[in-house]
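Student: Please work out how this folds:
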Amino acid sequence: VRARQTLGVELDLPALLQAATPARLAARLLSTPPSTSSESQMVRVSRDEWHPLMLSQPSLWNMCEQFHDRQLGNIHRAYRLQGRLDVGALRDTLQALVDRHECWRTQFMRVDGHPAQRVVSGLRLEFPQTDLGGLPPDEAFREVCRRQWADIQQAFDVAGGRMFRAELLRLGTDDHVLLLGVNHIVFDGWSFGILGRELGEAYGALSAGREWRPAELPFQPVDFASWEHRHLDAPRIRRQIQYWRDHLAGNPPSAGFPYDGTGHRSGDFVGTRRSRSLPSDQVSVLRRIGRDQGCTLSMTLFAALNVAMFRISGIEDVVLGCPLAARHRPGSESVGGCFRQRAQLRTDLSGNPSFLEILHRVRLVFDGALANQDVSLEVVFPDRDVHHPRHWSEIPVDFNFREGLDGGPSFPGLTLTLIDRPQWVLYPPMSVQALADGDQLNLWVVARDSCYSVASIEKMLNLYLDTLTRIVGRPNLRLKDWGFSS
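Tutor: Numbers count the residues shown, from 1 in each chain. Next up is the predicted model:
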């Protein structure tokens, strides 16, 4: 972002990773000509008209249509706020964010047979408040959990434009719980960082009697969507579509943990999560192993998951799901919305490679994916609906990595605690998640109850931890020397 803003050059992540030292990075920046592509120009479109969806949204729209009366697209957070809360400032803060980010007041419906979106102007946020202070503490917290569960289950009316909701529960004079919900079609993991940062900034200003004056957003998601569709026939897009068709050519077998439930099409999406932490000294070694190969910690953990999948299935052609942020366009890093692309990353484990060799292959896979993250799988394979055997929902496992703790907003004068929430697992039915902060690494396996027993979830987590631990001690161990998991 700074290279773009200061020098006017586009430097993608693969190029950044290849420039392993400051000197190499400086040379790369100075040798890269300024961007002159006409595609970089984005114009503001009319808010009175319907516009196409972003390329990242069709799969989420299909989910909204298929399960219109259910909450399957919901993303939820519950924060306990302890201290002197200015409720009026909090209400004004939430309204300011809805005013600023148009995605949270956008309606979706079919227009002339095609899914479309339109921004709703002047939408006032509903902010119900409930006083639970008269209940005994244990009963009050049970009521908080009940309301949290009810909010998670409540579907959004995507045609109505209210894509963001908030509720405040009062436990005592200086004790509140803030429930926040948003539909995934307008929100991704990156947006949580934007929401947390701007909630804290705006509340800090408004509670002190000051105006909140953030920098103007360079564009909104509806502008981005229109820009994407104008350039669908651009050579860059055609190259990216061909890249993914080549990358996923053929019909690679699925390497995943065997189902021991009723099946992933049962319609029951309640899930279970199990978590463990990796010792900090092992995390340091994993970072060093990756760094020596020009890889991030995310790539190292992804490579280890490929090894774990081989130990389960014996399959050497492994395809795993992996979301890509797709926030590399100028200005997108500050815009709330769902930009992320759902990718399928295919790793070749043939030839009995060592882990270091697998890591090199994974780096090439990531380089290709990051350089071609502008197109969704729906664009690459328009003939693959949800019933196709190679549809993205049929990939049995995905991997999700985040760097930095998700502690939520920072409110002056308040202590904030994130309240745990029930798990919903859509597609794929199992997800391996990693959250890193320095040398702290927390790992989760989240899986759908209808597909996996708790014992299977714990077995998958233990297998992944065992794989990581053995990599720390023997990074040159060859694939077929790992042994299989029964």
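Student: quick one: the helices in the stretch 1-150 of the chain?
Tutor: Taking DSSP state H, counting those that start in this stretch as the criterion, the stretch 1-150 of the chain carries its helices at 2-7, 13-18, 22-31, 58-66, 87-100, 137-153.
Student: what sits up against the fifth one?
Tutor: So the one you mean is helix 87-100. 104-105, 123-125, 127, 129, 164, 166, 168, 178, 195, 198-199, 202-203, 206-207, 212, 214, 217, 336 (C-beta atoms under 8 Å, 6 or more residues apart in numbering). Just so you know, the C-beta spots here come from the backbone N, C-alpha and C atoms, and that holds for glycine as well.
Student: From the residues you listed, keep the buried residues only.
Tutor: 104-105, 123, 125, 127, 164, 166, 168, 178, 195, 198-199, 202-203, 206-207, 212, 336 (16 or more other C-beta atoms under 10 Å).
Student: Cross those residues against strands and list the overlap.
Tutor: Mapping the buried ones among the contacts of helix 87-100 onto strands (DSSP state E) picks out 164, 166, 168, 178.
Student: Let me see the contact set for the residue nearest to the third one when sequence neighbours are not counted.
Tutor: Same thing as residue 168. The shortest distance from residue 168 to any non-neighbouring residue, by C-beta to C-beta, 6 or more residues apart in numbering, is to residue 129 (4.6 Å). Shown in contact with residue 129 (C-beta under 8 Å, 6+ apart): 87, 167-170.
Student: Repeat that for residue 115.
Tutor: 52-53, 57-58, 61, 108-109.
Student: Tell me how far residue 457 lies from residue 397.
Tutor: 12 Å (C-beta to C-beta, to the nearest Å).
Student: list the residues that contact both of these two?
Tutor: residue 430.
Student: And the residue nearest the centre of the chain?
Tutor: residue 189 (3.7 Å; C-alpha atoms, centre = their mean).
Student: where does the stretch 251-400 of the chain have low pLDDT?
Tutor: 253, 261-269, 385-394 (pLDDT under 70).
Student: how about the strands of it, start to end?
Tutor: Counting by DSSP state E, counting those that start in this stretch, the stretch 251-400 of the chain has strands at residues 270-278, 317-324, 341-348, 397-403.
Student: Throw those strands into CSV and include distance to residue 374, thanks.
Tutor: Shown next, in CSV, are those (distance: least, C-beta to C-beta, whole Å):
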stretch, distance to residue 374
strand 270-278, 31
strand 317-324, 10
strand 341-348, 8
strand 397-403, 20
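Student: Which among these is found nearest to residue 409?
Tutor: Evaluated over the strands of the stretch 251-400 of the chain, closeness to residue 409 peaks at strand 397-403, with 16.7 Å, by C-beta to C-beta.
Student: So which bits of the closest one are buried?
Tutor: Under the neighbour-count criterion of 16+ other C-beta under 10 Å, strand 397-403 has 397-402 buried.
Student: and what of stretch 464-483?
Tutor: Buried, per 16+ other C-beta under 10 Å, within stretch 464-483: 464-465, 467-472, 475, 479, 482.
Student: For it, give the mean pLDDT please.
Tutor: Mean per-residue pLDDT for stretch 464-483: 93.
Student: Next, the distance between the ends of it.
Tutor: 13 Å (C-alpha to C-alpha, to the nearest Å).
Student: which residues touch that stretch?
Tutor: So stretch 464-483 is contacted by 276, 278, 282, 285-286, 289, 300-301, 304-305, 307-308, 310-311, 316, 349, 352-356, 358, 432, 443, 445 (C-beta under 8 Å, 6+ apart).
Student: Of those, keep whichever come out buried.
Tutor: 278, 282, 285-286, 289, 300-301, 304-305, 307-308, 310-311, 316, 349, 353, 355-356, 358, 432, 443, 445.
Student: These in helices, which ones?
Tutor: Of the positions in those, 282, 285-286, 289, 300-301, 304-305, 307-308, 310-311, 355-356, 358 sit in helices, assigned by DSSP state H.
Student: Would you mind measuring from residue 310 to residue 479?
Tutor: Counting by C-beta to C-beta - residue 310 and residue 479 are separated by 6 Å.
Student: Now the common contact residues for those two.
Tutor: 316, 349.
Student: quick revisit: can you tell me which of the contacts of residue 115 are buried?
Tutor: 52-53, 57-58, 61, 108.
Student: Let me know the closest of these to residue 323.
Tutor: residue 57 (13.6 Å).
Student: in terms of contact, does the closest one touch residue 183 like I think?
Tutor: No - shown here, residue 57 and residue 183 do not form a contact pair, counting by C-beta atoms under 8 Å, at 10.6 Å.
Student: Now for the residue nearest to residue 175 when sequence neighbours are not counted, how many residues are close by?
Tutor: Nearest residue to residue 175, sequence neighbours excluded (C-beta to C-beta, 6+ apart): residue 82, at 5.4 Å. When neighbours are defined as other C-beta atoms under 10 Å, residue 82 has 15 of them.
Student: now swap in residue 345 and tell me
Tutor: 22.
Student: so which of the ones in helices among the buried ones among the contacts of stretch 464-483 comes closest to residue 77?
Tutor: Once C-beta to C-beta is applied, the member of these that ends up nearest residue 77 is residue 301, at 24.5 Å.
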